[in-house]
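S.K.: heads up, no residue letters with this:
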């Protein structure tokens with residue numbers, strides 16, 4: 001697992017979050033973690049196919065997701081993660097991954113991404129990898145978004 005796999009997703013996440021949520025996130029420590037799906041979290045899974053194969057998984061607590069969706073909707077307070085909120089947070093993952101796939105293409109790595117799949121903890125069994133290259137993005141006043149890269153090859 002190479003650290004450069006995560007860089008385009010990290011760069012893209014910073015750009016997209018800054019544009020959509022108007023907060024410049026800072027990055028936490030890069031590391032390799034055991035994959036654990038916490039019950040109060042939401043996961044956005046996006047498949048990668050081509051010269052790289054695997055999944056990108058964005059993990060965030062439901063509380064952070066609500067704050068992000070609220071910021072995406074111009075500050076409108078969101079009390080629960082309804083269909084509109086799920087759609088908004090999925091689209092955020094899609095925007096980050098689409099932008100990252102363009103960055104990878106510009107580096108000579110051709111990949112396609114799948115549409116985002118919102119995964120609640122109970123449904124996470126479909127992810128076969130046990131470890132992921134991971135880095136948290138810290139957003140002041142909102143919380144953390146964990147980017148996990150699960151690359152098969």
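M.R.: Everything's here; your move. Predicted, not measured: the structure shown is a model, and the values here were computed from it.

S.K.: Spit out the contact partners of residue 80.
M.R.: residue 66 (C-beta atoms under 8 Å, 6 or more residues apart in numbering). Glycine gets a C-beta too; all of them are placed from N, C-alpha and C.

S.K.: swap the cut-off to 10 Å and go again
M.R.: Going by C-beta atoms under 10 Å, 6 or more residues apart in numbering, residue 80 touches 62, 66.

S.K.: Tell me the secondary structure of it, please.
M.R.: coil (DSSP: H, G, I helix; E, B strand; the rest coil).

S.K.: who does the lowest-mean-pLDDT helix or strand in the chain pair up with?
M.R.: In the chain, no helix or strand scores lower on mean pLDDT, DSSP states H and E than strand 31-34, which sits at a mean of 80. Its sheet considered, strand 31-34 pairs with strand 131-139 (antiparallel) by DSSP bridges.

S.K.: Same question for the longest helix seen in the chain: list its buried residues.
M.R.: Ranked by number of residues, the top helix in the chain under DSSP state H is helix 83-106. Buried residues in helix 83-106, counted by 16 or more other C-beta atoms under 10 Å: 85-86, 88-90, 92-97, 99-101, 103-104.

S.K.: Packing partners of that helix?
M.R.: Where contact means 3 or more C-beta pairs under 10 Å, 6 or more residues apart in numbering; DSSP states H and E, helix 83-106 is packed against helix 7-21, strand 41-50, strand 54-61, helix 62-72, strand 111-113, strand 117-120, strand 143-151.
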